[in-house]
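Enquirer: Need coordinates for the following:
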Amino acid sequence: MTAATTAESTAAETAPVLAPRVTPLVAARHGALLTWRSLLKIKRNPEEILGLTFMPLMFVALFVFVFGQAMMGDWQAYRDFIIPGITAQSVIFATIGTGVALNTDIEKGIFDRFRSLPIARSAPLVGAILGDLVRYALTVVAVLVVAVLIGYRPAGGVLGVVAAGGVVLLFAFALCWLSAFMGLLLRTPMAVNIFGSVWMFPLTFGASTFVDPDQMPSWMAAFARINPVTHVTDTMRGLMEGGPVLQPLAWTLVWVAVLLGVFFPLATRAYRNRA
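Expert: Residues are numbered from 1 along each chain as shown. As a prediction, the model looks like this:
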């Protein structure tokens, strides 16, 4: 056997296995398996859950009891107004962690192993994002438990609260693809965290999460009214406290479709090029 033949055989043995074309059903099964892997990380790293729950609880305490009297003259009234906003803000802000975790996994070489497996190219991303949604659901539960303990009683009842949680998790799922794209595009977890915070702060605070846009300066109110976080928050507020739901819900679904339509293919392509 010649040296050239030996080199070709070695290269063939070490070359990554190309994933065959898979049907959407098979791709969903691959994504479910990797979702389970993502959930197992919660058991090994319970401190991640503490981080996702402590910050929202701190926001509840600070905004309700420190700013409530100043904002509305009655902290109980401000509590009822702000709980949907804090829930939305906490979940949406946490989506930065999706990009940070993906970037960290890539640096460790974990995604190189996924590339060697005959699985759908989107499966590692779908698994990571669905696993994160479970963490975000725990955040929603933590905020609502504390809210109930301080006297919050949503007028929409259990069904309204569950529907509101579903809306924010649906939006978070779409937003996670933007975060995943950043995690795949940027080079370090620190860069992902910094860059994500830069655009997340104006989105979450420049909305109806903490203040009615009618009480903002005109230029800020104009931004708040077109802000997707406002549409999500107003939908949740309508479901939990009563009020208009159809229009903000329609806008929320439009934003979900836009985010998925743009960043799902971009994130998948970025994973294929980088991982």
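Enquirer: buried ones in stretch 200-219?
Expert: 200, 203, 204, 205, 206, 207, 208, 209, 210, 211, 213, 216 (16 or more other Cβ atoms under 10 Å). Backbone N, C-alpha and C define where each C-beta goes, glycine included.
Enquirer: From start to finish, how long is it in a straight line?
Expert: Between the opening and closing residues of stretch 200-219 there is a gap of 19 Å (Cα to Cα, to the nearest Å).
Enquirer: can you offset everything so residue one is 53?
Expert: Done: numbering now begins at 53, and the last item shifts to stretch 252-271.
Enquirer: Quick check: mean pLDDT of that stretch?
Expert: Here stretch 252-271 scores 91 as its mean pLDDT.
Enquirer: Any stretches of the stretch 53-202 of the chain with poor pLDDT?
Expert: 53-76, 78-83, 91-105, 163-164, 167-174 (pLDDT under 70).
Enquirer: again, only using 80
Expert: Low-confidence segments of the stretch 53-202 of the chain, defined by pLDDT under 80: 53-109, 118-126, 157-175.
Enquirer: Tell me where it has strands.
Expert: Taking DSSP state E, counting those that start in this stretch as the criterion, the stretch 53-202 of the chain contains no strands.
Enquirer: how about the helices in it?
Expert: Using DSSP state H, counting those that start in this stretch, the helices of the stretch 53-202 of the chain run over 55-66, 76-96, 99-113, 120-124, 127-146, 148-160, 162-167, 175-201.
Enquirer: For the fifth one, buried residues please.
Expert: When you say that, I think you mean helix 127-146. In terms of neighbour count (16+ other Cβ under 10 Å), helix 127-146 has its buried residues at 127, 130-146.
Enquirer: my read: residue 207 touches residue 291, true?
Expert: No. Between residue 207 and residue 291 there is no contact under Cβ atoms under 8 Å: 9.8 Å.
Enquirer: and residue 259, which of the three is it?
Expert: At residue 259 the chain is in coil, as set by DSSP: H, G, I helix; E, B strand; the rest coil.
Enquirer: measure it to residue 272 for me?
Expert: In this view, residue 259 and residue 272 are 10 Å apart by Cβ to Cβ, to the nearest Å.
Enquirer: again with residue 278
Expert: With Cβ to Cβ as the criterion, residue 278 and residue 272 are 11 Å apart.
Enquirer: Counting neighbours, go ahead and name the busier of those two.
Expert: Taking other Cβ atoms under 10 Å, residue 278 and residue 272 do not tie; residue 272 has more neighbours (14 against 10).
Enquirer: Report the contact partners of the residue nearest the centre of the chain.
Expert: Nearest residue to the geometric centre of the chain (Cα atoms, centre = their mean): residue 147, 3.2 Å. The neighbours of residue 147, taking Cβ atoms under 8 Å, 6 or more residues apart in numbering as the test, are 184, 188, 224, 227, 228, 230, 231.
Enquirer: go on, residue 300?
Expert: 282, 283, 284, 286, 287, 290.
Enquirer: let's see 10 Å
Expert: 219, 260, 282, 283, 284, 285, 286, 287, 288, 289, 290, 291 (Cβ atoms under 10 Å, 6 or more residues apart in numbering).
Enquirer: which one among those gets closest to residue 153?
Expert: For the contacts of residue 300, the minimum distance to residue 153 (Cβ to Cβ) is 22.6 Å, reached by residue 284.
Enquirer: Surely the closest one touches residue 260?
Expert: Yes. Counting by Cβ atoms under 10 Å, residue 284 touches residue 260, with 9.4 Å between them.
Enquirer: so what sits against both of these two?
Expert: Joint contacts of residue 284 and residue 260 (Cβ under 10 Å, 6+ apart) are 136, 137, 140, 300.
Enquirer: Now the two most distant members of those.
Expert: Counting by Cβ to Cβ, the most remote pair of the shared contacts of residue 284 and residue 260 is 137 and 300, 12.8 Å apart.
Enquirer: Return every residue with contacts to both of these two.
Expert: With Cβ under 10 Å, 6+ apart as the test, residue 137 and residue 300 both reach 260, 282, 284, 285, 286, 288, 289.
Enquirer: ok, so of those, who is nearest residue 215?
Expert: Closest to residue 215, out of all of the shared contacts of residue 137 and residue 300 and judged by Cβ to Cβ, is residue 288, at 8.6 Å.
Enquirer: which residues touch that closest one?
Expert: Residues counted as contacts of residue 288 (Cβ under 10 Å, 6+ apart) are 135-137, 139-140, 192, 208, 212-213, 215-220, 223, 261, 297, 300-301, 304.
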